[in-house]
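*Asks:* Sequence and predicted structure below; questions after.
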Protein chains: 2
Amino acid sequence: MTDFSLETIRKGDKLALSRVLSRVEADHEAGRAALDALFPFTGSAHKIGITGAPGSGKSSLVNALAHHLRRAFPDARVAIIAVDPTSPFTGGAILGDRVRMPDLQNDPGIFIRSMATRGALGGLADATLALSQVFDAAGYEYIIIETVGAGQAEVDIVNLAHTTIVVDTPGMGDDIQTIKAGILEIADILVVNKADLPGADQTYRNLAAMIEMGYRGTGRINGGHHRSANAPTDRPEETRGWVPPVLKTTAVTAQGIADLMNAILQHQTYLRATNAWHEKENAAMQLIVNKLVLEELSNNWKQNLAPGLYESVLRALRQREISPRAAARALLAYNSK
Amino acid sequence: MTDFSLETIRKGDKLALSRVLSRVEADHEAGRAALDALFPFTGSAHKIGITGAPGSGKSSLVNALAHHLRRAFPDARVAIIAVDPTSPFTGGAILGDRVRMPDLQNDPGIFIRSMATRGALGGLADATLALSQVFDAAGYEYIIIETVGAGQAEVDIVNLAHTTIVVDTPGMGDDIQTIKAGILEIADILVVNKADLPGADQTYRNLAAMIEMGYRGTGRINGGHHRSANAPTDRPEETRGWVPPVLKTTAVTAQGIADLMNAILQHQTYLRATNAWHEKENAAMQLIVNKLVLEELSNNWKQNLAPGLYESVLRALRQREISPRAAARALLAYNSK
């Protein structure tokens, strides 16, 4: 069924790993079979999401963190999935993160994968989850997922991570502040990067104050009643007990990276001590199985449609002869026969 | 079935309109019935998407454009849907666009709606489409949709617009450049806003050169072979004949806004002269009906599941006793009985 060797990729053969990743990303039968074959070997990696506004130095931070993890744990391997949702059409992050992380390429224990398109897998969250399963099965202990911190897609992706790091930086404009307000609430760890810049202390104090307010005041952060009860990747109740630390880093000089790594490890310990790690895994499993079920339902529906029916219903809809719900009923009525 | 009067909202009763919008956004039965009842009256509005990086002055530009449209066409009404996907958890764009557009609130021919959550409607694209249908039926000739220009969600939203305006501004950092590379390709009109700032000419020349390259050189823009052939909202073939103009504006002083409006009207003429307007409508209809069909399929499936089956399959999956595909098969096998 599969023509790759799990042993080969577990031993660190990057070419073999690369081949499997491409198949999974293409989402053809070979990729799906690979995911199924790898599945029993997944479940031990620590997924770390890093997000923040454009210009916050996320890539440098990921770079520094990956290096530090490798120095601290020489036997552990680190995978980096750089999600660049801003380039959905080009098929490649030409100005993206790959070219900005040259020194990581030479470490045999680090693997970088850029993902510029939503690709065949549909949602970016699905695609990120699928790739991280491959890395997980391949024996990568840490999987760092870097996304641009603006947009629902990013929130979906970081919700799949065990630990979410939100990166802020001094001197951002008004729009960035708006971004911050939304994205702060998903943070397990807050980082003020470029801490050597003027205004870093003020940014630090602002973030610390927001955390203070959120966790001791209204109690809204991570448990607000405004959030949709139906969102499958909602933060589990258990993480309410974790108060996100605020850290200062200067990624380009590796200042503060040791503290950041320690905070990540502390969060890991916290997740494992509570039910939260389990809840995260459950949410990921739901995403995987729901996607497959919905796809199958949709495919069955399409296959059972009479030729030309979809087009004629769409035409009637476009001409406002029928309502959208009547159109859906017409398309499903045939199906149930 | 519905307890609102179409005549009332067509006459400009903002309270009645506001009530319908809220119902549609909540996606309860009343909202769905309202959408169905309004549907025959949709199809004439011109949807204008405005997107750009944080800090590019999109809101000021929307403000200036709405004012200008109202002055040029006093009988035409303008709706603004401000999508703030960066605040998915708070349920309201507290720092968002509503507070930044105070002068628009006093014009009876302008209606502003902020959308901070993906809400009950699932995707932001679905929600934006639903709200724009209400405005369309209510007789709003121009519907301006403003989004933060980073992320797949934004691309989905702007693909629903008839005319997409991408806003750039001088002096943005490296990450912003990356955003630009991805988002440029969806532009029908390019705007260098804050054209009074130093570097505006350089930004203008860069954009003009990219357009020149894309349309005369590689021919990749709007027709690159890397794009997914399956994406339902792909730009139609017909728009290849339109070469996006690059304009300079200073939104806060309304400099260049008249030219921007003229470019929008020219694009409208172009769309109507080709098949492109029709294709846009078709894509929107597909989105609407596919959403309803998939929802119904999913609901039927859930209702026919044996109690406890989902949980037990998920448990087996979590413990790696079965593969994801075996799990999906188990959940669907029961269903087909």
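*Replies:* Structure's in. What do you need? Because the structure is a prediction, the values reported are computed rather than measured.

*Asks:* Can you give the domain ranges for chain A?
*Replies:* Domains of chain A are assigned by automatic domain parsing as A:1-40, A:42-275, A:291-335.

*Asks:* Pick the most deeply packed of these.
*Replies:* A comparison of the domains of chain A by mean neighbour count, using mean count of other Cβ atoms under 10 Å in any protein chain shown, puts domain A:42-275 on top with a mean of 20. All C-beta atoms are positioned from the backbone trio N, CA, C, and that covers glycine.

*Asks:* With adjacent residues omitted, what lies nearest to A:A195?
*Replies:* Closest residue to A:A195 apart from its sequence neighbours, by Cβ to Cβ, 6 or more residues apart in numbering or on different chains: A:K248 at 3.9 Å.

*Asks:* Please look at A:S59 and A:V167 and confirm they touch.
*Replies:* No. Using Cβ atoms under 8 Å, A:S59 is not in contact with A:V167; the gap is 10.1 Å.

*Asks:* Can the host helix or strand of A:V167 be said to contact chain B?
*Replies:* Assessed by DSSP states H and E, A:V167 sits inside strand A:163-168. No. Using Cβ under 8 Å from any Cβ of the partner chain, strand A:163-168 never reaches chain B; the gap is at least 11.3 Å.

*Asks:* what packs against that strand?
*Replies:* Strand A:163-168 sits against strand A:46-52, helix A:58-72, strand A:189-192, helix A:257-273, with contacts defined as 3 or more Cβ pairs under 8 Å, 6 or more residues apart in numbering or on different chains; DSSP states H and E.

*Asks:* Turn these into JSON lines, including mean pLDDT and distance to chain B.
*Replies:* As requested, the helices and strands packed on strand A:163-168 are exported to JSON lines (pLDDT from 0 to 100; distance: least, Cβ to the nearest Cβ, whole Å):
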{"stretch": "strand A:46-52", "mean pLDDT": "90", "distance to chain B": "10"}
{"stretch": "helix A:58-72", "mean pLDDT": "92", "distance to chain B": "8"}
{"stretch": "strand A:189-192", "mean pLDDT": "93", "distance to chain B": "15"}
{"stretch": "helix A:257-273", "mean pLDDT": "97", "distance to chain B": "15"}
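
*Asks:* Indicate which one of those is closest to B:L287.
*Replies:* Proximity to B:L287 (Cβ to Cβ) singles out strand A:46-52 among the helices and strands packed on strand A:163-168, at 27.5 Å.

*Asks:* Present the helices and strands packed on strand A:163-168 as CSV; the columns should include distance to A:A200.
*Replies:* CSV is the format used below for those (distance: least, Cβ to Cβ, whole Å):
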stretch, distance to A:A200
strand A:46-52, 15
helix A:58-72, 14
strand A:189-192, 6
helix A:257-273, 15
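
*Asks:* so which of those gets nearest A:K302?
*Replies:* Closest of these to A:K302 is strand A:46-52, at 33.5 Å (criterion: Cβ to Cβ).

*Asks:* Stretch A:114-133: end-to-end distance?
*Replies:* End-to-end distance of stretch A:114-133: 15 Å, with Cα to Cα, to the nearest Å as the criterion.

*Asks:* let me fix that: stretch A:126-146
*Replies:* End-to-end for stretch A:126-146, by Cα to Cα: 15 Å.

*Asks:* That stretch near chain B at all?
*Replies:* No. Stretch A:126-146 stays clear of chain B (Cβ under 8 Å from any Cβ), getting no nearer than 9.1 Å.

*Asks:* Can you find the helix or strand of chain A with the lowest average pLDDT?
*Replies:* Every helix and strand in chain A was compared by mean pLDDT, DSSP states H and E; the lowest is helix A:174-183, with a mean of 51.

*Asks:* So is the biggest helix by length in chain A next to chain B?
*Replies:* In chain A, with assignment by DSSP state H, the single longest helix is helix A:276-304. Yes. Interface with chain B: helix A:276-304 contributes A:281-282, A:285-286, A:288-289, A:292-294, A:296-298, A:301 (Cβ under 8 Å from any Cβ).

*Asks:* and the next element down the chain from that helix?
*Replies:* Scanning forward in sequence from helix A:276-304 by DSSP H and E, the next helix or strand is helix A:309-318.

*Asks:* And the contacts of that following helix?
*Replies:* A:322, A:324, A:327, A:330-331, A:334, B:281-282, B:285-286, B:288-289 (Cβ atoms under 8 Å, 6 or more residues apart in numbering or on different chains).

*Asks:* can you state the direction angle for that helix and helix B:276-303?
*Replies:* 120 degrees (axes from the mean of the first three to the mean of the last three Cα atoms, to 10 degrees).

*Asks:* Show the subsequent helix or strand relative to helix A:309-318.
*Replies:* Following helix A:309-318 in sequence, per DSSP H and E, is helix A:324-336.

*Asks:* and that following helix, how far from the chain's centre?
*Replies:* Distance of helix A:324-336 from the chain centroid (Cα atoms, centre = their mean, to the nearest Å) equals 36 Å.

*Asks:* Now that helix: average pLDDT?
*Replies:* Averaging pLDDT along helix A:324-336 yields 84.

*Asks:* mind saving the C-alpha coords of it as PDB?
*Replies:* This file holds the C-alpha atoms of helix A:324-336, laid out as PDB (Å, rounded to 0.1, in the frame of the first residue of the first chain):
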ATOM      1  CA  PRO A 324     -31.300  28.900  -1.900                       C
ATOM      2  CA  ARG A 325     -33.100  26.500   0.400                       C
ATOM      3  CA  ALA A 326     -35.400  25.300  -2.300                       C
ATOM      4  CA  ALA A 327     -32.300  24.700  -4.400                       C
ATOM      5  CA  ALA A 328     -30.600  22.700  -1.700                       C
ATOM      6  CA  ARG A 329     -33.800  20.700  -1.200                       C
ATOM      7  CA  ALA A 330     -33.900  19.900  -4.900                       C
ATOM      8  CA  LEU A 331     -30.300  18.800  -4.900                       C
ATOM      9  CA  LEU A 332     -30.800  16.600  -1.900                       C
ATOM     10  CA  ALA A 333     -34.200  15.200  -2.800                       C
ATOM     11  CA  TYR A 334     -32.800  13.400  -5.800                       C
ATOM     12  CA  ASN A 335     -30.000  12.100  -3.700                       C
ATOM     13  CA  SER A 336     -32.200  10.400  -1.100                       C
END
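
*Asks:* What is it packed up against?
*Replies:* With contacts taken as 3+ Cβ pairs under 8 Å, 6+ apart, helix A:324-336 sits against helix A:276-304, helix A:309-318, helix B:29-38, helix B:276-303.

*Asks:* possible to save these as JSON lines with distance to A:G214 and mean pLDDT?
*Replies:* Below are the helices and strands packed on helix A:324-336 laid out as JSON lines (distance: least, Cβ to Cβ, whole Å; pLDDT from 0 to 100):
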{"stretch": "helix A:276-304", "distance to A:G214": "18", "mean pLDDT": "90"}
{"stretch": "helix A:309-318", "distance to A:G214": "45", "mean pLDDT": "94"}
{"stretch": "helix B:29-38", "distance to A:G214": "32", "mean pLDDT": "90"}
{"stretch": "helix B:276-303", "distance to A:G214": "34", "mean pLDDT": "90"}
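
*Asks:* CSV for the ones you listed, including distance to B:L6?
*Replies:* As requested, the helices and strands packed on helix A:324-336 are exported to CSV (distance: least, Cβ to Cβ, whole Å):
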stretch, distance to B:L6
helix A:276-304, 33
helix A:309-318, 19
helix B:29-38, 7
helix B:276-303, 19
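
*Asks:* hang on, the earlier thing: give the partner strands of the strand holding A:V167 in its sheet and their orientations.
*Replies:* Sheet pairing of strand A:163-168 (DSSP bridges) gives strand A:46-52 (parallel), strand A:189-192 (parallel).

*Asks:* Next secondary structure after the last one?
*Replies:* Counting by DSSP H and E, the next helix or strand C-terminal to strand A:189-192 is helix A:200-212.

*Asks:* Surely A:A254 touches A:H68?
*Replies:* Yes. Distance between A:A254 and A:H68: 7.0 Å, which falls inside the contact criterion (Cβ under 8 Å).
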